[in-house]
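Asker: turn this into a model:
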Amino acid sequence: MNEHIHSSSVRVLYGDTDAGGVVYNANYLRYFEYGRTELMRDWVCAYSDIEKMGFVLPVTECWTRFKAPALYDDLLTIETEIRELTRLKCAFNYRIYRGGDNGKRRLLVKGYTVHVAVDRTGKLTRLPPDIINKISPFAPAKPDDDEY
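Answerer: Take a look at the predicted model:
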């Protein structure tokens, strides 16, 4: 994690858990999305503003490492950072913690997602300079990104 870490909190809903009473694994991707959405809203712009610009940022890659389970009613802290920024993509790192009764928090999950900019027809497009300029203070830009 770098020096620019965004923190948000979410409480585990009963519907987020499985028959074993733990958060179902796919829901951690929803928590990643929550952290990413709040980071973008606080530091760049709301995702709805991005859509109004005529493009979207679908997930093209994700990775998750489970360390310990979250349980119903746990208050989770989602730490999100911008991992990489290029003209075509943006990647985010995540760490999800649960606070302990003793004041110590426990790492439950870590992971990352990669997003590319596509227009409304699904065609790969470059991120607008305005968006690059707003994100770049939080992550190093990499101008050579024609691998997509």
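Asker: state the distance from the residue nearest to the spatial centre of the chain to residue 66.
Answerer: When C-alpha atoms, centre = their mean is applied to the chain, the residue found nearest the centroid is residue 36 (3.3 Å). Per C-beta to C-beta, to the nearest Å, residue 36 is found 19 Å from residue 66. Glycine gets a C-beta too; all of them are placed from N, C-alpha and C.
Asker: also residue 59?
Answerer: 18 Å.
Asker: kindly report the same for residue 4.
Answerer: Going from residue 4 to residue 66 by C-beta to C-beta gives 25 Å.
Asker: now do residue 11
Answerer: Taking C-beta to C-beta, one finds residue 11 at 19 Å from residue 66.
Asker: so which of these two has more stuff around it?
Answerer: Shown here are residue 11 and residue 66; by other C-beta atoms under 10 Å, residue 66 has more neighbours (15 against 10).
Asker: which residues are in contact with that one?
Answerer: By C-beta atoms under 8 Å, 6 or more residues apart in numbering, the residues touching residue 66 are 25, 28, 108-109.
Asker: out of these, which end up buried?
Answerer: For those, a burial check counting by 16 or more other C-beta atoms under 10 Å picks out 28, 108-109.
Asker: would CSV of those residues with distance to residue 82 be doable?
Answerer: Formatted as CSV, these follow (distance: C-beta to C-beta, whole Å):
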residue, distance to residue 82
28, 19
108, 21
109, 18
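Asker: follow-up on the earlier one: strands - which of the contacts of residue 66 land there?
Answerer: Those of the contacts of residue 66 mapping onto strands are 108-109, per DSSP state E.
Asker: what's the closest of the contacts of residue 66 to residue 87?
Answerer: Nearest to residue 87 out of these is residue 28 (C-beta to C-beta; 29.0 Å).
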